[in-house]
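In: Give me a model of this one.
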Amino acid sequence: MDFSNNITPILYILGLIQGIIFSGILVYLDQKKRRSTLLLGLFIFAYSVNYIKPISRYLNLNENYPFLNNLPLDFSWLLFALFYIYIRNISILPYYIGYAFMGYANKLLII
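Out: Below is the predicted model:
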């Protein structure tokens, strides 16, 4: 655990702590029960938990604690789905796209 020659583990640890705290605040303070705020909190949590494996690799924790290699902490497959659903919830597009296409389709049929 030598921090003197590399600043990368320190930045990863700070990112992990900041992500977990911020996602906890977003999920906890979701008083209006908005789904988009909850999804953003879960996205940030999943993104920050992915830093655990690089932190353990940079600090050589895998040699002292070999069970860290077996932890299922790869949430990268979940990031894209959470971000997609979050963007769909905050955008106007899903609510009006059906009506817009139906309106244009009716005008094309009339012409």
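
In: Roughly how far does residue 7 sit from residue 16?
Out: Noted for residue 7: a distance of 15 Å to residue 16, by C-beta to C-beta, to the nearest Å. From N, CA and C alone the C-beta is placed, and that goes for glycine too.

In: quick one, which of the two is more surrounded?
Out: More neighbours surround residue 16 than the other of residue 7 and residue 16, with 18 against 9 (other C-beta atoms under 10 Å).

In: what about residue 64, neighbour count?
Out: If you count neighbours by other C-beta under 10 Å, residue 64 ends up with 10.

In: let me redo that: residue 9
Out: With other C-beta under 10 Å as criterion, residue 9 counts 18.

In: Then residue 27?
Out: Neighbour number of residue 27 under other C-beta under 10 Å is 16.

In: what about it, helix or strand, and which?
Out: Using DSSP states H and E, the element containing residue 27 is helix 8-28.

In: Counting neighbours, which bits of that helix end up buried?
Out: Across helix 8-28, burial judged by 16 or more other C-beta atoms under 10 Å covers 9, 12-13, 15-16, 19, 23, 26-27.

In: Just name the closest of these to residue 52, please.
Out: Comparing these against residue 52 with C-beta to C-beta places residue 16 closest, at 6.8 Å.
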